[in-house]
Structure formats: structure tokens, C-alpha cells
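**Student:** model this:
(4 chains)
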2 protein chains.
Amino acid sequence: MAEPADIAQVRAFNRFYTRIIGLLEEGMHQTLHTLSEARVIYELDKAGTTTSAMVAETLGMDRAQLSRLIGKLVSQDIVAVLPRAGDRRSVPLALTREGREVAKHFNAMSDATAAETLLDPLTAFEQRDLVGSMRRISALLAEPEETTLVLRSSRVGEIGWLIHRQAVLYHLEQGWNGEFETLITRIYADFEAAPSTPAKQLWVAEIEGEVAGSVFVLPAEDGEEGTAQLRMLYVEPMFRGRGVGGRLVTEAVSFAKMSGYKRIMLWTQDCLASARSIYQKAGFVLAKEERHHSFGADLNGQYWVLEL
Amino acid sequence: MAEPADIAQVRAFNRFYTRIIGLLEEGMHQTLHTLSEARVIYELDKAGTTTSAMVAETLGMDRAQLSRLIGKLVSQDIVAVLPRAGDRRSVPLALTREGREVAKHFNAMSDATAAETLLDPLTAFEQRDLVGSMRRISALLAEPEETTLVLRSSRVGEIGWLIHRQAVLYHLEQGWNGEFETLITRIYADFEAAPSTPAKQLWVAEIEGEVAGSVFVLPAEDGEEGTAQLRMLYVEPMFRGRGVGGRLVTEAVSFAKMSGYKRIMLWTQDCLASARSIYQKAGFVLAKEERHHSFGADLNGQYWVLEL
DNA sequence: TTGAGATAGTTGACTTTGACAACTGAATGC
DNA sequence: GCATTCAGTTGTCAAAGTCAACTATCTCAA
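**Tutor:** Here you go, the predicted model:
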């Protein structure tokens, strides 16, 4: 079971946010429709055509209640019952033209309430923080969906973010101490300071607006001419098992090739098993192993090389 | 009005979390008491002694409903009506011995549900993320309370965090670009790399578990012997106006003095007005001004000095 | 093919919640 | 000293939520 302090924080948040949601819903009281009617209309608008069962599922609503509610909306000419097709147990439902008007109105009102109550009182910086935290909670607790992975260069603030995430991640997963953070702060600083030729590049993997991983390529420190180094590969635990690491390495390797490097090498620790398998799949071969004591742990450093 | 994408994200989160709260509340259905009874009992347990009006306020509940509900709890010998005192309109309420037992049971059950549903399925890293995001949302949206400010040294991951926060903050507030982040990454790396004598020190200001600000002191780069430099002072917008910056500077100055430095200097930009007033209050005097173009902006750099 | 079991939806009966107005008694403020 | 505000109670009613029984349909395997 989780830490008592964490549980307390989660429960405090639940109480707090129950209140917030209550406040936002109060605003909806001016309308002709009740709150659950509004919710059902919203769902129908979003889905286009659905069935009662689907709405009950996504809204966590009782089927009996929903049946009556939809009956009411049909009599108000907001919802249309379409002819049964395929599975003749279920009844396809959709909004009427009037229903879509009502939905539009609801959306505008909800947008206004959310903006006025939650976002507008905050500065741009705080707004970004709020939205980011919300996105993160959703990503952590929702079932992972089909999502698109984008590779792009870094945005302002993301170098610090990458340092922060990796320091915390390896601290919790591997028990590494602050020395590791110190080291990677230096590594990122050096990457930024490196001249633009020979070619260097950093990629951030983004899924649903979240940083899902990162890697960069630059000329190898003490390597021979024509050797590139791949550094700081990491994938957010939340997004593991979705090919993020593979995509990053593939991209980095083809960049190195295209930039005229003759080989690409990297340094890693053998305790990072999932990273190793990514390197192997990309064609890297183990060149050297070396025990060392760093970051408060006994480690086995590995040098991997790929001739391009 | 806020960005449409932000509003959409906020509303998506509200829908999502409404569902989560609903799921958690379902777990409470096994008890003998209804959900609102449980909530009232929880509030009474937390408050010790309150009045009906207070509970109605914090729970956002109708006074009429609450009146009946409390009547029910009194007849069940869970809530005790204390003799009126002071303001004789209001009736002090408290839990009976039995009521406290019930509350204890509720708490244990709620803790278990929250832990099992939300925290346990996540890794330690993800749990930290979740709890952190929740704390942040609460801090952003709740009314600021009386809180205690703690100054401490940095924890693993916080160097990256400080870089990230300041890069984003000054990007949004001042329009500074990635050059600023590159610069401060280097500055933090150098701080970490600096020898332990002459004395150096970094402070993180913490409020309610959140990083509220930071600053560090180290020997001045090109200064004469005995000159300390104060660097990277920043205060989170959320926690401004609570004396965080003042506390950090006071602490830093007295550290420099105690460590045997003869003077302490700092470099800042005149567009950072609130920082300047903190320096002035601490006794710093403007030594030099210098126009420069950095971080994608025309700036007026200022050197401030305080003889110790 | 057929029959047990699951699924979609409906209906009836009932409790709980929530909203609002009217009211009493006590405090407050000018 | 009188109007106003506030804490709490009571009546009334609509909406939300729960539970069980029922029909029509589909699924799947013997």
C-alpha cells in the first residue's frame, strides 16, 4: 500500500476538486435543462451517433435513469431515435438539429464558466502549470489510448525538465544520488554549448502534449574523427512499451548517418535493461565493459558502437 | 479569455475527474450511511467542534438539507448537540464517542479505496508525479492559507526543476528565449562543480511541499578575493508577496557574512522589478549598469553590491 | 438448431439529494 | 430602538439515483 502522506494528499485533492466541480456545475443552473441532461446532450454531441448503453458506460449513469431521461429529451425533440440497424437490441441515438444547437450553447457556457472560474484568475505561467498538471493526471490515471508520437526539437524549459525527470527517475528506479543530476546538468550544458558543426541534434518525443522521452547526438568527446555519440536516451515510464525509445534511436542513428558520421557510440549501464535491448535492436554491438562506482552505486558501464 | 486549447483541456479534466470521483464514491456504498452523511461525519471529525453553518459552507451543501441530515445523525447518537455558548443563534456540534468510531472506519475505508484505485496501480515514480500534480492544482486554485516557509538544501531532481521553472517563467514573463535556459544550465552545473571552499550554498524555499523559490551563493567569478556572488534568485509567482524572496536573500547574506566573505554582489536585469526591491531592502547598492542584448531581448544589466 | 446465458433497453417502486421559500429566534449596526 | 442580517428549522417539490422484474435480441457452444 502507498505512503500514508500520499494517500492523505490524494484524498485532500479529491475533496477539494469535488468542491470545484460543484462550483462549476452551479453555473449550469440557469439553463432550461438539468445537469444530467446537459451531460447526456454533451456526450451525444461528441459521439455523433451512439446508444444508450454507451452513454451509460462513459457517464457512469444508471441505465434505468438514462432510459427515462432520453425519453424526455426525445419528447422535447432534442434527441432523435434512429432506426435500428445491425444489433437490433440497441437503439442508435443522435441529436436533432435543435439538439445540436442546444449542445453548442452548453459548450459555450461551459467554456466560459471554466475559463472565468479556473483559468482567468491565473497568470499565463500559472495557467500553463494548471493545464499541465491536469493533463498529467489524466495521462496517469486514464487507460492509454491510441496516440500519435511526434519527434521534435526542444522547447524553452525542456532542457531543465529533462534533467529534472531523469534525475528523479533514476533516483527512484536505480537509487542514484545527486551526483547523477550534477553530471547530466553538465552534459546538457555541454550539448547546448557545442558548436553547430560537426552536426548535433536533440529530439523530444511528444505524446498528447506530454514529453514522452528524449535523446541527443553530438560529436563523441574523445573519439576519433567521424564518431558520433548518442546520449541521454530516456523514456517516461508512463509511455514505455509504445516504441518511443526505438523511434528516438532510429531517428538519431539515421541523423548521424546523414550528417556524415562514420560510426556512432554510446555509454550506458548494464542495469538499464530496456535501453540495452533498444540498442541491440538498432544494431549496436557491445565494445567494452568497465566497472565503476558512481552516483552512489556500483555500476557496470558499457560502451556500444554501431558502424554506419 | 484563456486559450481555447487550455479551456478544452480543463473541461476534459473536469469530466474525467468527475468520473474518477464517482468511481471512488461507489466504494462507499457498502456502508450503513449515505455519502453526504459520510461527508458530514468526516467534516465534524476533522473540525472537532463546529456549527451547521460551517459544515454547509465547507461542503457547499444546502442548510435545509444539512439540518435534516444532522437531525438524523443526532437521533442515531453519532452527533451530539452541545449547549449553546457565545453566539446563541448557532448550535455547536461534535461527534459522540460512537461517531468518532464511525469516522475512523470511514477514513480507513476511504484511504484503502483511494490507495487501491489510484495509487497502487502506479510505480513509485508515477505516484510521485500524481501526488505532485494534485498538490500543484490545489495550490493554484485554493485560497492561499497561513503556511510555513522552510529553507533547505536541494533534493535530487531539483536542480533540473529550478532550471525548468526559471526558463519557462522568464520566457512567459519577459519573453526570454532558449539562450537563457542554456546560460542557467551552465550556471547551475558550475555551481555544482565548484569546490566546497570557499563556501557555497544553495537554498530551496519550500511551502506546503512545493518549491516556492531558490537562490545560491558562491565565490564571485572574476571578483577580488573575499567577494561572494548571489545568483539565481527566483520566487514562484504562486507564492509571491509572502516574503519568500526576502527570506532567501537574508539567509544568503548572513551565510556569506558568516563564511567570512567581505562583500556580496549580484547581477540582475532592471526589468525584474520585484527582485530589485528585495535587494534594496537587504541593503544592496547599485554599483554599475550596462546595456546588453541577451536571451532575445534588449536588457539593462545591473551590478549590485553589499559590503558585509 | 437450439437452448442457456449475456446484453440492451424499459418500467415500476422507492429513497436520497438538492433547491427554494417561509418562518423563528438571536445578533448587529446605525 | 428598529431595520437588517444571520443560524437554523420546516414544508414542498423536482431531480437523481437504486433495485428488481421484464421483454426482445444476440452469442456461442453442445
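**Student:** let me know the outermost residue of chain A.
**Tutor:** In terms of distance from the mean C-alpha position of chain A, A:Ser75 ranks first, at 42.2 Å (C-alpha atoms, centre = their mean).
**Student:** the residue nearest to A:Val217 when sequence neighbours are not counted and DNA strand D, how far apart?
**Tutor:** Spatial nearest neighbour of A:Val217, chain neighbours left out: A:Ala252 (4.9 Å); criterion: C-beta to C-beta, 6 or more residues apart in numbering or on different chains. Glycine gets a C-beta too; all of them are placed from N, C-alpha and C. Applying C-beta to the nearest atom of the strand, to the nearest Å, the value for A:Ala252 to DNA strand D is 45 Å.
**Student:** check A:Pro195 too.
**Tutor:** Distance, A:Pro195 to DNA strand D, using C-beta to the nearest atom of the strand: 62 Å.
**Student:** low-confidence ranges in the stretch 101-250 of chain A?
**Tutor:** A:223 (pLDDT under 70).
**Student:** which residue ranges form the helices in chain A?
**Tutor:** For chain A, the helices defined by DSSP state H cover A:4-26, A:35-47, A:52-59, A:63-75, A:97-114, A:124-141, A:158-174, A:178-193, A:244-258, A:273-281.
**Student:** if we can go back for a sec, now for the residue nearest to A:Val217: which residues touch it?
**Tutor:** A:Ala252 is in contact with A:Gln201, A:Trp203, A:Val215, A:Phe216, A:Val217, A:Leu230, A:Ile264, counting by C-beta atoms under 8 Å, 6 or more residues apart in numbering or on different chains.
**Student:** contacts for stretch A:36-43 next, please.
**Tutor:** So stretch A:36-43 is contacted by A:28, A:31, A:33, A:50, A:55, A:58-59, A:61, A:65-66, A:69-70, A:72-73, A:78-79, A:95, A:99, A:102-103, A:106-107 (C-beta under 8 Å, 6+ apart).
**Student:** just give the number of residues close to A:Ser254.
**Tutor:** Using other C-beta atoms under 10 Å in any protein chain shown, A:Ser254 has 11 other residues around it.
**Student:** quick check, A:Asp129 in contact with B:Arg136.
**Tutor:** Yes: because the distance of 6.3 Å satisfies C-beta atoms under 8 Å, A:Asp129 is recorded as touching B:Arg136.
**Student:** residue contacts, A:Thr18?
**Tutor:** B:Ile21.
**Student:** for it, give its distance to B:Ser52.
**Tutor:** 20 Å (C-beta to C-beta, to the nearest Å).
**Student:** now A:Leu272
**Tutor:** Taking C-beta to C-beta, one finds A:Leu272 at 58 Å from B:Ser52.
**Student:** related to what we said a few turns ago, who touches the residue farthest from the centre of chain A in this structure?
**Tutor:** A:Ser75 neighbours (C-beta under 8 Å, 6+ apart): none.
**Student:** separation between it and A:Val81?
**Tutor:** With distances taken as C-beta to C-beta, A:Ser75 is found 11 Å from A:Val81.
**Student:** which of the contacts of A:Ala252 fall in strands?
**Tutor:** Using DSSP state E, the subset of these located in strands is A:Gln201, A:Trp203, A:Val215, A:Phe216, A:Val217, A:Leu230, A:Ile264.
**Student:** which two of those residues have the greatest separation?
**Tutor:** Taking C-beta to C-beta as the measure, the ones in strands among the contacts of A:Ala252 reach their widest spread between A:Trp203 and A:Ile264, a distance of 14.2 Å.
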